[in-house]
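Undergrad: coords please:
(one chain, ligands or ions: 1)
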Amino acid sequence: VRNSLISGNETIKMALTIAVGGRVWRKFFKTFPFRSNSALKRFPTCRANGRLYSTSSDVVLVRKDEESGIATVRMNNPPVNSLNPTLMVALRSCFEELEKDKTCRALILTSQKPKVFSAGLDILQLYQKSPDHVAQFWEKVQDMWLALYGSRLITMAAINGHCPAAGCLLGLACDYRIMAEGNFRIGLNETQLDLVAPFWLRQTMIDVIGYRQAEMALMIGALYPSDKALQLGLVDKLAPIEDVQTVAEEEVKNWLKIPDQARAITKMASRKPLLDELRRRKQEDIQTFRDETTRESVQKSIQQYLEKLKAKK
Ligand SMILES: CCCCC/C=C\C/C=C\C=C\CC(=O)SCCNC(=O)CCNC(=O)[C@H](O)C(C)(C)COP(=O)(O)OP(=O)(O)OC[C@H]1O[C@@H](n2cnc3c(N)ncnc32)[C@H](O)[C@@H]1OP(=O)(O)O
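TA: Numbers count the residues shown, from 1 in each chain. The predicted model follows:
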């Protein structure tokens, strides 16, 4: 599926889309439905109106510059931006609201707390929880990822600190990654928790750093320091931690010189097969995650991992 890129029919649809001029975006969204409107109603909203404002839970802070159309989305879930249901729902809702905002052209995803971009999934949500809880939790991961990976916007990760596991998943879903120089780590360390990265996450890793390096990184659950991540292509640029945001804004401004329509259609042409595959296999993916995560041996590994985290102090 991944290699077929886009079918003949879809190519014709896209060509027609380009040809019809004024109605182009309406056609474009019909061809590439990024989100479900009914789903939008179920989640807290965050309106991008040029001021600093927050979602009802304050775990996501958004500031949109009306002149440039650049929105900065800051994760604000101390101490380490672990991805619990509240943060994931707020992020998804925020991505979807910005997507709907016709004046928004780019989003920069970063952390309100420098030194940790995100510690990945909230491990406590995976420990000693019911299968239903774990299944609902995983659906939130999928939905957040679908909204970000399938976004028409320019998406840039300003990785101002550690970025393990699902933190890296967020970074990989963006179009470009700028990471803080220094002793910060990034990677998909799932195997260290006895977890297996799902097909769509594995595929994005392969797409970004190539098959051999991705295969190795995933098997050993590698966490790379930022200079090694740059060398592998896991991130695109490094900057001193205090400059990550500014460098991201400069980079976005370069990307804004490219016409939105051609850029977004090109992006979707390469991402649509994977988006479609996850949408098609969503329930199967949830069941696998639920069954694997609640397995006794995996629960034991998670318990040990939690103990190791606590013992660090
Ligand atoms: C076919 C099978 C399908 C199965 C599919 C399964 C998975 C697939 C896909 C994705 C899966 C992703 C899995 C994950 O994301 S699991 C999370 C992995 N994350 C990590 O390994 C990072 C752990 N954290 C750290 O290494 C450090 O905290 C960090 C370097 C990020 C920051 O260090 P710092 O020194 O600043 O902070 P700490 O003192 O370590 O932490 C403060 C506080 O926060 C708690 N904590 C840290 N990380 C998490 C977390 N991920 N979840 C919950 N809680 C976390 C930590 O325990 C401290 O708590 P306390 O002691 O102050 O109470």
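Undergrad: quick check, pLDDT for the residue nearest to residue 85 when sequence neighbours are not counted.
TA: Among residues not flanking residue 85 along the chain, residue 140 sits closest, at 5.5 Å (Cβ to Cβ, 6 or more residues apart in numbering). Any C-beta I mention is one placed from the backbone N, CA and C, and that applies to glycine too. In this prediction, residue 140 carries a pLDDT score of 98.
Undergrad: which residues sit in contact with residue 140?
TA: For residue 140, the contact set (Cβ atoms under 8 Å, 6 or more residues apart in numbering) comprises 85, 88-89, 92.
Undergrad: need the contact partners of the strand or helix carrying residue 285.
TA: In the assignment (DSSP states H and E), residue 285 maps to helix 282-293. The contact list for helix 282-293 (Cβ under 8 Å, 6+ apart) reads 126, 131, 134-135, 138-139, 142, 195-196, 198-200, 278, 298-299, 302.
Undergrad: check those and tell me the two furthest apart.
TA: 278 and 299 (25.7 Å; Cβ to Cβ).
Undergrad: more crowded one of these two?
TA: residue 278 (21 against 16; other Cβ atoms under 10 Å).
Undergrad: next one: the nearest residue to that one once chain neighbours are set aside, what pLDDT does it get?
TA: Excluding the flanking residues, the one nearest residue 278 by Cβ to Cβ, 6+ apart is residue 200, at 4.7 Å. At residue 200, the predicted lDDT confidence score is 98.
Undergrad: likewise residue 312?
TA: Looking at residue 312, its pLDDT stands at 80.
Undergrad: quick one: it from residue 305, how far?
TA: Residue 312 is 11 Å from residue 305, where distance means Cβ to Cβ, to the nearest Å.
Undergrad: ditto for residue 137
TA: The value you get for residue 137 to residue 305, if Cβ to Cβ is used, is 17 Å.
Undergrad: these two: which is more packed in?
TA: Neighbours per residue, other Cβ under 10 Å: of residue 137 and residue 305, the larger number sits with residue 137, 22 against 18.
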